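> heads up, no residue letters with this:
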């Protein structure tokens, strides 16, 4: 499937086949991977749900307009295995999710999260993309990877779905890096407008993984303000906070903690719903703020992790702002590789 067909897919989701990337678009001189799959477009909860297929398409369109695809090596997201997921989730929870996958209609997992007939494959592809990104950067094939997939994952806990999330992709990726490549220090930086409560649930008692999470508070999921520890760095922000507040918490809390931790790999939970145009967020960030935080994280990765970064899409629901912000983020990552 060519990229134009991919972008038109919202009109015919049921007819989509796997996104095929021509081999010519994968020259070995490229060091930034773009990982996606058309199956992620087929997951849909309701027609007007904010976590909708058009989010991925908005990012694709913005990357096209910015001329970034010529700088990206494109890969299809594989399916994550149950064994990979079991590092982050209980076997009972994984089996329950598989059992809930409907043949038709919707099955409600929690108040905010539902599955259609295609959701299981979509979330397995999203976790598989994050794991594929780890493999690419850890083997030196790529320096950086960006995963344009959905549904998001950072609210999914060890044994729970929540907030549009079924499996926790960044958690699966971090634990894959530890199990497969023997890493002892992996950092996850989460700048979504919502606290990465699922990621914290999985790693709260695991000092091998540092989580730095900025988020509006008080706000859904109403957690994180007082639950941190030496490797869980939660930095709540008041409603209406702008990029200056982001810079303050990153400079004063994230960067010193990351410098002490010395991560061997940096994973980003890249949510773009803190943008001032996103009515679901309530913060006032701009594209320049996503560039700034990406540059700050890039410097950490360069100093401690041989520049290795895997970035995974989380939230972002104002389509135009999402596309512009993701393009700014990815353009900054490309400059790192």
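Nice, thanks for sending it over. Keep in mind the model is a prediction, meaning the values are calculated, not measured.

> quote the end-to-end distance of stretch 256-268.
17 Å (Cα to Cα, to the nearest Å).

> and the helices in this structure?
Under the criterion DSSP state H, helices of the chain are mapped to 3-7, 54-65, 82-85, 91-100, 119-138, 169-181, 197-203, 243-249, 255-261, 287-304, 319-336.

> with residue 146 as the reference, name the closest of those helices.
helix 319-336 (5.2 Å; Cβ to Cβ). (C-beta placed from N, C-alpha, C; glycine too.)

> can you check what angle separates the closest one from helix 287-304?
On the basis of axes from the mean of the first three to the mean of the last three Cα atoms, to 10 degrees, helix 319-336 is oriented at 30 degrees to helix 287-304.

> what residues does residue 316 make contact with?
Counting by Cβ atoms under 8 Å, 6 or more residues apart in numbering, residue 316 touches 55, 271, 272, 273, 275, 278, 322, 325, 326.

> phi first, then psi, for the third one.
Note on residue 272: backbone dihedrals following degrees, to the nearest 10 are phi -120, psi 20.

> now do the contacts for it.
Counted by Cβ under 8 Å, 6+ apart, residue 272 has contacts 192, 278, 290, 315, 316, 321, 322, 325, 326, 329.

> ok, residue 126 next?
Applying Cβ under 8 Å, 6+ apart, the residues near residue 126 are 40, 77, 147, 149, 150, 151, 152, 153, 167, 169, 312.

> show me the beta-bridge partners of the last one.
In this case it means residue 312. Per DSSP bridges, the residues bridged to residue 312 are residue 147, residue 269.

> any idea which of the contacts of residue 316 is the one closest to residue 92?
For these, the nearest to residue 92 is residue 271 (28.3 Å; Cβ to Cβ).

> separation between that closest one and residue 93?
23 Å (Cβ to Cβ, to the nearest Å).

> same check, this time on residue 76
Noted for residue 76: a distance of 26 Å to residue 93, by Cβ to Cβ.

> with residue 190 instead?
21 Å.

> between the two, which one's more packed in?
residue 190 (26 against 20; other Cβ atoms under 10 Å).

> my guess is the more buried one meets residue 314, correct?
Yes: using Cβ atoms under 8 Å, residue 190 makes contact with residue 314 at a distance of 7.3 Å.

> and for these two, which residues touch both?
154, 269, 271.

> would TSV of those with pLDDT be doable?
Listed next are the shared contacts of residue 190 and residue 314 as TSV, based on pLDDT from 0 to 100:
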residue	pLDDT
154	99
269	99
271	98
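
> which one of those sits closest to residue 298?
Lowest distance from residue 298 to the shared contacts of residue 190 and residue 314 (Cβ to Cβ) belongs to residue 269, with 15.6 Å.

> look up how far residue 211 lies from that closest one.
For residue 269 relative to residue 211 (Cβ to Cβ), the value is 9 Å.

> residue 187 too?
According to Cβ to Cβ, residue 187 and residue 211 sit 8 Å apart.

> more neighbours: those two, which one.
The neighbour comparison of residue 187 against residue 211 (other Cβ under 10 Å) goes to residue 211, with 30 against 27.

> burial count for the closest residue to residue 246 other than its chain neighbours?
Spatial nearest neighbour of residue 246, excluding adjacent residues (Cβ to Cβ, 6 or more residues apart in numbering): residue 289 at 5.7 Å. By the criterion of other Cβ under 10 Å, residue 289 has 23 neighbours.

> contact partners for residue 289?
242, 243, 246, 247, 274.

> now do the same for the residue nearest to the second one when sequence neighbours are not counted: its pLDDT.
In space, residue 243 comes closest to residue 289 once its chain neighbours are excluded; the distance is 3.5 Å by Cβ to Cβ, 6+ apart. At residue 289, the model reports a pLDDT of 98.

> how about residue 336?
55.

> what's the answer for residue 29, then?
Residue 29 is assigned a predicted lDDT (pLDDT) of 79.

> distance check, residue 287 against residue 49.
Counting by Cβ to Cβ, the gap between residue 287 and residue 49 amounts to 25 Å.

> more crowded one of those two?
More neighbours surround residue 287 than the other of residue 287 and residue 49, with 18 against 13 (other Cβ under 10 Å).

> relative to residue 52, how far out is the more buried one?
Counting by Cβ to Cβ - residue 287 and residue 52 are separated by 22 Å.

> what does residue 195 give?
For residue 195, the distance to residue 52 - Cβ to Cβ - is 22 Å.

> okay, those two: which has more neighbours?
Neighbour count, other Cβ under 10 Å: between residue 195 and residue 52, residue 195 has more, with 28 against 20.

> ramachandran coordinates for the residue lying closest to the more buried one once chain neighbours are set aside?
Using Cβ to Cβ, 6+ apart and skipping residues adjacent in sequence, the residue nearest residue 195 is residue 224, 3.7 Å away. Per-residue torsions, residue 224: phi 100, psi -20 (degrees, to the nearest 10).
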